[in-house]
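Chemist: This is a predicted model, with the sequence first.
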Amino acid sequence: AQTVTQSQPEMSVQEAETVTLSCTYDTSESDYYLFWYKQPPSRQMILVIRQEAYKQQNATENRFSVNFQKAAKSFSLKISDSQLGDAAMYFCAASNFGNEKLTFGTGTRLTIIP
Amino acid sequence: EPEVTQTPSHQVTQMGQEVILRCVPISNHLYFYWYRQILGQKVEFLVSFYNNEISEKSEIFDDQFSVERPDGSNFTLKIRSTKLEDSAMYFCASRLGTGGTLSSGYTFGSGTRLTVV
């Protein structure tokens, strides 16, 4: 079974600054995938970024990047140049190859300070 | 961009009543899912569906729940006799396939907020 842990219930950052959201996970599988989802007040789940565990290179999507530490089972999300529209709940999630249900963490609420 | 469509966006029902939540997945997707999020809590897996049958279900998905893909486009979640604790946001999601396509992640619908009174 997989577990995903987000130890920061809330984070805040000044607009235009950089913030890092933490996520650790546990799995016995060798092939798995990791995701960050954004949930704004509308409560829609929006995929932010994804990482295949077999890839050593950290994924990046514009202002969003991850720091994937496979040995430490850590998958943090860095948001650069934070914008007001980044304010949301952020969920870390994992899925195993071949059993592709998503296991979510408890989320981190990100507030952007103007 | 293709979307997963869920209806209704909000449903209020009396305890003990049956509800059907509807979803239209992306047309060429093969894997379908329902997830639940109780207010203020994390998103939880309910059930996955592939090739017209349930491929996996969680402990939450008891005999009160059922899923169906009646006509090749809709994907429904039925709760037979709702309880107060069924109040939650229900998300439908779909995915194209396995392997490399998994890395594209799921596409989630915008959710149905179910309130049981």
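Modeler: Now that the structure is in, tell me what you want to look at.
Chemist: Please work out which residue of chain A is closest to chain B.
Modeler: A:Met45 (4.0 Å; Cβ to the nearest Cβ). C-beta here means a position set from N, CA and C on the backbone, and glycine is covered the same way.
Chemist: what's near enough to touch the residue nearest in space to the middle of chain B?
Modeler: The residue lying closest to the centre of chain B (Cα atoms, centre = their mean) is B:Trp34, at 2.8 Å. With contact taken as Cβ atoms under 8 Å, 6 or more residues apart in numbering or on different chains, B:Trp34 is in contact with B:21, B:23, B:46-47, B:67, B:77, B:90-93.
Chemist: cutoff 7 Å now
Modeler: Each residue near B:Trp34 by Cβ atoms under 7 Å, 6 or more residues apart in numbering or on different chains is listed here: B:46-47, B:67, B:77, B:90, B:92.
Chemist: State the number of residues packed around the nearest residue to B:Arg80 once chain neighbours are set aside.
Modeler: Nearest residue to B:Arg80, sequence neighbours excluded (Cβ to Cβ, 6 or more residues apart in numbering or on different chains): B:Gln64, at 4.9 Å. Using other Cβ atoms under 10 Å in any protein chain shown as the criterion, B:Gln64 is surrounded by 14 other residues.
Chemist: Can I get the helix or strand of chain A with the lowest mean pLDDT as PDB, trimmed to CA atoms?
Modeler: Lowest mean confidence among the helices and strands of chain A (mean pLDDT, DSSP states H and E): strand A:99-104, at a mean of 84. Taking Å, rounded to 0.1, in the frame of the first residue of the first chain, the C-alpha atoms of strand A:99-104 are listed here in PDB:
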ATOM      1  CA  ASN A  99      -2.400  -0.300 -10.200                       C
ATOM      2  CA  GLU A 100      -3.000   3.300 -11.100                       C
ATOM      3  CA  LYS A 101      -5.400   4.600  -8.400                       C
ATOM      4  CA  LEU A 102      -4.200   7.800  -6.900                       C
ATOM      5  CA  THR A 103      -3.300   8.000  -3.300                       C
ATOM      6  CA  PHE A 104      -3.400  11.600  -2.000                       C
END
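Chemist: Restricted to helices, list the contacts of B:Trp34.
Modeler: In helices, judged by DSSP state H, none of the contacts of B:Trp34 are found.
Chemist: And the pLDDT at the residue nearest to A:Glu61 when sequence neighbours are not counted?
Modeler: Closest residue to A:Glu61 apart from its sequence neighbours, by Cβ to Cβ, 6+ apart: A:Ile49 at 4.9 Å. According to the prediction, A:Ile49 has pLDDT 93.
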